[in-house]
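[1] next comes the sequence, and after it the predicted model I'd like to discuss.
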Amino acid sequence: MPLYRCIIPKDSLDYDQRQEIAEAFTNVHCGISAAPRSFVHVWFIESGDGDRVKDSHGDGFLDYKTDYYIAGGNRAGRPPEVRQEILGGLIEKFCEISGVDSKDVSGHISEGPASWTMEAGHVLPEPGEEPAEWYEHATIPG
């Protein structure tokens, strides 16, 4: 269910950087939440000057003041400090890989109830109610 939309200026990241960022985001999210790696989705949305990007609910637009923005969507139920740890890790990795200064990157993680989301044909459990097999992958590669 975790979806991270990276709003970036047109032509600012090449394929290899995007691949590395997607892998790093997966490592950050799974390292903190223990979600299966296959659940993490990363999109790169290129925007030009003055472009507005719709929010994930389709009823408004994202409001951000930086050139690069990470719009996350996760299951509800985690403490705010865990969401902040995830977002901080995402921004750190994004900057490390892209070479973009951290002052030019911001983000936010929105939440929705687990019951609103399916992965691999199954409605997701609430945080803390995950089956034991979710934790079998706990080692992050690399």
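    Perfect, thanks for sending it.
[2] next secondary structure after the least confident helix or strand in the chain by mean pLDDT?
    Lowest by mean pLDDT, DSSP states H and E among the helices and strands of the chain is strand 118-119, with a mean of 81. Per DSSP states H and E, the first helix or strand lying C-terminal to strand 118-119 is strand 122-123.
[3] in its sheet, what does that following strand sit against?
    Strand pairing for strand 122-123, using DSSP bridges, gives strand 118-119 (antiparallel).
[4] roughly how far is the strand it pairs with from the heart of the chain?
    Relative to its chain's centre, strand 118-119 lies at 16 Å (CA atoms, centre = their mean, to the nearest Å).
[5] surely L124 touches A114?
    Yes. With contact defined as CB atoms under 8 Å, L124 counts as touching A114 (4.3 Å). Where you see a C-beta, it was placed from the backbone N, CA and C, and this is true even at glycine.
[6] residue contacts, A114?
    Neighbouring residues of A114 by CB atoms under 8 Å, 6 or more residues apart in numbering: M1, R75, A76, G77, V123, L124, P125, E126, P127.
[7] against A22, how distant is it?
    23 Å (CB to CB, to the nearest Å).
[8] nearest residue to M118 other than its sequence neighbours?
    Using CB to CB, 6 or more residues apart in numbering and skipping residues adjacent in sequence, the residue nearest M118 is L124, 7.0 Å away.
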